[in-house]
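Undergrad: Output the structure for:
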Amino acid sequence: MKRLAALPVLVLIILSNLCSLSRAASAASPASPATTRNATTPPREQWGAPLVDVKHDAGNWIIAGRRQRVVLDPANLTIEVRAAGGTTWHLLPPAPDALRVKRDGQEFPLRLEEARKITVDPYDTGFKTGVKITLADWEKAPQLQLFLTLALEGKDEDLVFDIAAEEPPGGPVVRQLDWPGAMDGKEVDCTLLSNHRGVLLPRDWPKAYFPIRSTDMGGSAKVTDTSEVQSNVIESWSMAWWGFQKGESAAMVIVETPDDAAYQFDHPAGGPTTIGPRWRTALGALRYPRSCRMCFIDKGNYVDLAKRYRKYVMDRGQFVSLAEKICRKPIVKELIATPLVRVGILTDIKSDSLRYSATNPSHNYHLVTFDERAKQFHQWKEKGIDRLHVCLTGWPNHGYDRQHPDELPPAPLAGGWDGMKRAVDTAHELGYLLSLHDQYRDYYTDAPSYDTQFAIHEEDERVPSPAFPGSRFGQWKKGVIPFMNNWDGGEMSYLNNRFMLGHLVKNYTGLFDHGIKPDGIYLDVFGYVPPDEDFNPEHPTTRGDAIRGRTLCYTWSRNNIGFIGTEAGCDWTVPYVDVLSPLRSSKGVPVPLYNLVYHDAVIIPYSPNDLRGFLNGGLPQMFNPADVSDSDLANIRKMAALHKRLALTEMTRHQFLDEKFRKERTTFSDGTTVTVDWDTNKCEIQPELPERQQP
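TA: A predicted model of the protein is given here:
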């Protein structure tokens with residue numbers, strides 16, 4: 001340092017300028033990540049790094065792997081993927097309102113490409129390689145920065161997108177971001193959606209398609225339904241992926257951060273379909289990094305896409321098989337091949353409910369006592385129904401869908417504590433399983449413990465509530481709290497999901513103290529409706545927090561009650577639940593995507609007269625055993641026998657045998673095939689089932 005200090009000032013200036021020029025030249029000519037490493041670093045293939053080259057050529061950025069070649073046009077952010085099989089996939093440029101921002105209380109759209117500072121740089125983590133796009137300094141949001149990366153990862157060279165934002169305190173925040181752009185639907189043959197249990201939507205499907213909104217007889221969305229596409233609503237998705245078929249090739253998008261996600265969607269009558277990722281806020285801002293990945297299959301279809309997702313959820317611990325569930329809770333094994341029936345105790349619809357009938361009093365009130373139900377159990381046994389799972393509804397104090405979350409004591413008009421215990425004990429004496437239908441999301445204003453501080457609070461009292469399903473049936477707000485009255489109990493809000501477990505423990509501890517011990521629980525709506533955000537500063541709750549609140553209810557119930565049922569069941573519920581209620585879309589072409597992924601992880605019941613129950617290897621569900629005919633009983637026995645054979649096997653294949661989708665076949669890992677002809681209403685099972693089976 002002393003010798004440097006002795007150098008003339010001019011020499012120091014020259015040296016400094018040379019260093020600056022060297023750094024500038026390096027920045028102006030970004031090299032492939034493979035060449036930016038230290039010269040002593042061993043070749044990439046020796047330490048497992050992706051063999052991917054990145055270069056800037058003729059204005060475009062090119063990410064060239066051994067299988068996929070990705071071209072990014074930074075001027076309009078369009079992306080082209082030339083996959084290994086020769087198929088090219090085009091992602092459209094982001095829409096003009098792809099970015100929505102809130103600043104100083106005002107929300108407005110921004111074009112991504114209107115950022116006044118846009119840079120693209122090579123990006124290399126050591127396990128995925130591509131480019132990073134930095135967007136900053138919009139005229140209306142000068143302090144906001146977005147970081148968007150796209151990189152090829154793994155041996156299959158999935159194209160992975162990561163999204164993050166710098167949202168300065170007190171400055172602009174991201175309210176919605178649609179990136180990457182949607183797939184160019186004009187170029188695909190069909191889109192695969194996980195709406196309900198799975199839908200194949202041809203490019204030129206003649207009717208307009210609305211994933212979540214109810215439609216009229218003509219197929220148009222009802223103007224009264226304002227529901228928005230969002231994650232973890234069964235009509236939007238039962239699994240966090242969608243896919244595409246193009247010729248013999250297929251591709252899919254897996255949403256890796258699904259809690260606060262959705263998708264851009266449009267399918268007008270005659271098509272085409274537009275779908276791409278959408279990132280929603282977490283308590284009003286982007287807050288945390290988001291990620292999705294595109295996977296490419298050279299030769300394959302929706303079955304291959306479903307199997308790719310099955311591997312994905314297995315690798316991440318989201319898949320828990322029925323065999324594993326039986327190991328941790330042996331009673332789950334008793335559900336296999338055991339027909340299900342739901343029976344009620346008390347219905348007493350309040351006059352302020354939309355379901356209340358002013359002209360038909362019998363619709364509003366009916367009662368079957370616990371002892372009458374116990375007598376029916378004996379009659380069913382005498383009819384030859386030796387095995388049965390009874391899900392008991394309407395057992396709480398005021399009956400079905402009343403005064404949740406405060407259900408105790410059991411309906412006094414039906415026999416109260418002693419009557420309920422006799423009914424449960426009778427079921428067990430006959431060898432029947434018995435579970436209780438229950439609910440902890442709907443928060444009724446006449447419940448003894450109701451307090452507005454525990455109801456979910458929305459962000460802004462000035463805007464209509466987006467809460468589902470009030471967005472479908474009609475709702476209103478008092479300040480920031482949404483209310484609806486569509487169910488039997490009348491006026492209700494929604495309970496903060498953090499407080500569900502405490503109420504569940506309170507109620508079942510009370511039942512246990514009175515000697516009432518059900519075999520399982522059915523937690524209504526948990527798997528059907530979205531997790532709830534709460535902006536109440538005393539207990540702010542993100543959607544991720546809400547999911548954890550619900551999983552605590554599942555876990556406690558498994559440990560202290562028995563098996564777990566839930567309504568519908570998005571894939572986040574799969575590690576926790578054993579049996580789901582059935583769902584099938586009436587729009588598009590139904591395909592068993594959910595079953596191809598999760599058949600051997602959950603039990604799904606069907607009517608014994610529904611051929612889809614046979615096709616999917618489902619469990620028979622009766623609706624009134626007293627009215628079961630001999631032919632119904634034969635179907636119940638047949639479906640139960642098939643379920644006994646297939647419950648623990650994987651559905652390996654589904655195929656349409658004609659162009660009109662009227663003949664279908666499923667194949668299972670034990671070699672069983674089930675062929676259904678919807679025109680003749682016939683089902684063929686190979687190998688054939690034994691001649692007589694008991695349910």
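
Undergrad: Is Val229 in contact with Pro211, as I believe?
TA: Yes: between Val229 and Pro211 a contact is recorded at 5.5 Å, counting by CB atoms under 8 Å. No exception for glycine: its C-beta is placed from N, CA and C like everyone else's.

Undergrad: which residues are in contact with both of those two?
TA: Ser236, Phe265 (CB atoms under 8 Å, 6 or more residues apart in numbering).

Undergrad: okay, these two: which has more neighbours?
TA: Pro211 (26 against 21; other CB atoms under 10 Å).

Undergrad: Thought Leu193 was touching that one, still the case?
TA: Yes: counting by CB under 8 Å, Pro211 touches Leu193, with 6.8 Å between them.

Undergrad: What segments of the stretch 351-500 of the chain are strands?
TA: 365-367, 389-393, 433-438, 442-444, 476-478, 481-483, 492-494 (DSSP state E, counting those that start in this stretch).

Undergrad: Is it possible to get CSV of those that adds mean pLDDT?
TA: Shown next, in CSV, are the strands of the stretch 351-500 of the chain (pLDDT from 0 to 100):
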stretch, mean pLDDT
strand 365-367, 97
strand 389-393, 98
strand 433-438, 98
strand 442-444, 98
strand 476-478, 97
strand 481-483, 98
strand 492-494, 98
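
Undergrad: Reformat the ones you listed into TSV and put distance to Pro109 next to each item.
TA: Output for the strands of the stretch 351-500 of the chain, formatted as TSV (distance: least, CB to CB, whole Å):
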stretch	distance to Pro109
strand 365-367	51
strand 389-393	46
strand 433-438	43
strand 442-444	35
strand 476-478	25
strand 481-483	25
strand 492-494	29
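
Undergrad: how about the helices of the stretch 1-150 of the chain, start to end?
TA: All helices of the stretch 1-150 of the chain, identified by DSSP state H, counting those that start in this stretch, fall at 2-6, 9-28.

Undergrad: should've said the stretch 201-350 of the chain
TA: 302-315, 322-328.

Undergrad: so which of those helices comes closest to Cys553?
TA: helix 322-328 (16.7 Å; CB to CB).

Undergrad: Pull the distance from that closest one to the chain's centre.
TA: 23 Å (CA atoms, centre = their mean, to the nearest Å).

Undergrad: where does the stretch 401-550 of the chain have low pLDDT?
TA: Within the stretch 401-550 of the chain, no range satisfies pLDDT under 70.

Undergrad: which residues touch Arg308?
TA: Per CB under 8 Å, 6+ apart, neighbours of Arg308: Met252, Cys295, Ile297.

Undergrad: Enumerate the beta-bridge partners assigned to the second one.
TA: Beta-bridge pairing of Cys295 under DSSP bridges involves Met252.

Undergrad: which residues touch it?
TA: Here Cys295 is in contact with Asp156, Asp158, Ala251, Met252, Ile254, Leu305, Arg308 (CB under 8 Å, 6+ apart).

Undergrad: Gly48 now?
TA: Contacts for Gly48 (CB under 8 Å, 6+ apart) come out as Phe127.

Undergrad: For it, give its distance to Glu157.
TA: 14 Å (CB to CB, to the nearest Å).

Undergrad: where exactly do the helices run in the stretch 401-550 of the chain?
TA: So, for the stretch 401-550 of the chain - with DSSP H, counting those that start in this stretch - the helices run 416-429, 470-473, 500-513, 543-560.

Undergrad: From the chain's centre, how far out is the second one? Work that out for me.
TA: Between the mean C-alpha location of helix 470-473 and the chain-wide mean there is a distance of 19 Å, by CA atoms, centre = their mean.

Undergrad: just the third one next, same as before
TA: On the basis of CA atoms, centre = their mean, the separation between the geometric centre of helix 500-513 and that of its chain is 28 Å.

Undergrad: Mind listing residues that contact that helix?
TA: 405-410, 438, 440-441, 449, 495, 517-518, 521, 549-550, 552-553, 556-557, 560-561.

Undergrad: Tell me the buried residues in that helix?
TA: Across helix 500-513, burial judged by 16 or more other CB atoms under 10 Å covers Met500, Leu501, His503, Leu504, Asn507, Tyr508, Leu511.

Undergrad: Determine which two of those residues are furthest apart.
TA: Longest span within the buried residues of helix 500-513, CB to CB: Met500 and Leu511, 16.8 Å.

Undergrad: Run through the residues that contact the closest residue in space to Val174 that isn't next to it in sequence.
TA: In space, and not counting its chain neighbours, Val174 is closest to Leu286: 3.9 Å by CB to CB, 6 or more residues apart in numbering. By CB under 8 Å, 6+ apart, the contact set of Leu286 is Ile163, Ala164, Ala165, Glu167, Val173, Val174, Leu177, Trp279.

Undergrad: quick one on the thing from earlier: with distance to Lys55 as extra columns, can I get the buried residues of helix 500-513 in CSV?
TA: As requested, the buried residues of helix 500-513 are exported to CSV (distance: CB to CB, whole Å):
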residue, distance to Lys55
Met500, 53
Leu501, 54
His503, 59
Leu504, 58
Asn507, 63
Tyr508, 63
Leu511, 67
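
Undergrad: Among the contacts of Leu286, name the ones in strands.
TA: If you go by DSSP state E, these have Ile163, Ala164, Ala165, Val173, Val174, Leu177, Trp279 in strands.

Undergrad: mind showing which ranges of this structure have poor pLDDT?
TA: Ranges of the chain meeting pLDDT under 70: 1-39, 691-695.

Undergrad: buried residues in stretch 145-162?
TA: For stretch 145-162, the buried set under the neighbour-count rule, 16+ other CB under 10 Å, comprises 145-153, 157-162.

Undergrad: I meant to write stretch 352-365 there.
TA: Ser353, Arg355, Tyr356, Asn364.

Undergrad: Many thanks, I have nothing further to ask.
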